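> give me a model of this one.
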Amino acid sequence: MFLKPLVLPLLAQVLLTFLVWFYLFARRIPEIMQKRIDVRKLKDRAEGHALLPDSAAASNNLKNLFEMPVLFYVAILLALTLLLQDTLMVLLAWGYVGARYVHSLIHCSYNDVNHRFAAYAVSCVFLLLLWIRLATYILMN
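Residues are numbered from 1 along each chain as shown. Below is the predicted model:
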């Protein structure tokens, strides 16, 4: 079975989301148990972060993976629909996904804001260029 070249970065981005989700619960559940927190006190994100600071960064990162990446998913699905899978699109998609992996790694580990922002900014540039490529293709055809 031949995979379309844009499907692989799409799947890699989905994998990242699940990896962060698993990481969050691998951190959060032991933290809840260790601190003997009544889960009814975790009604919203602010309360959860106040009571569970050790897993707050992973929680924030998971939330981030449902913000800008939505534009990535839409762009990739649109490109697949339009049969636009040239080398530039594939490279931009992998660049975006790679930067998101770096961002998540920083966010879920040492969480240096400057490093995290740099990775985020790079990912946004890749995403913008991906959309410019897509728009150019749509407007020229």
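
> tell me, what residue is most central in this structure?
Centroid-nearest residue in the chain, with CA atoms, centre = their mean: residue 65, separated by 3.5 Å.

> gap between residue 36 and residue 30?
Distance, residue 36 to residue 30, by CB to CB, to the nearest Å: 12 Å. (Glycine included, C-beta is placed from N, CA and C.)

> so for these two, which sits in the more crowded spot?
It is residue 30, of residue 36 and residue 30, that has more neighbours when counted by other CB atoms under 10 Å, with 12 against 6.

> can you read off the pLDDT for that one?
What the model reports as pLDDT for residue 30 is 92.

> so which helix or strand takes in it?
helix 7-35 (DSSP states H and E).

> using CSV, write out the CA atom coordinates for the lowest-mean-pLDDT helix or strand in the chain.
In the chain, the helix or strand scored least confidently by mean pLDDT, DSSP states H and E is helix 45-51, which has a mean of 81. Taking Å, rounded to 0.1, in the frame of the first residue of the first chain, the C-alpha atoms of helix 45-51 are listed here in CSV:
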residue,chain,number,x,y,z
ARG,A,45,-7.7,23.9,34.5
ALA,A,46,-6.7,26.7,37.0
GLU,A,47,-7.6,24.6,40.0
GLY,A,48,-5.8,21.6,38.5
HIS,A,49,-2.7,23.6,37.8
ALA,A,50,-2.6,25.0,41.3
LEU,A,51,-2.9,21.6,42.9
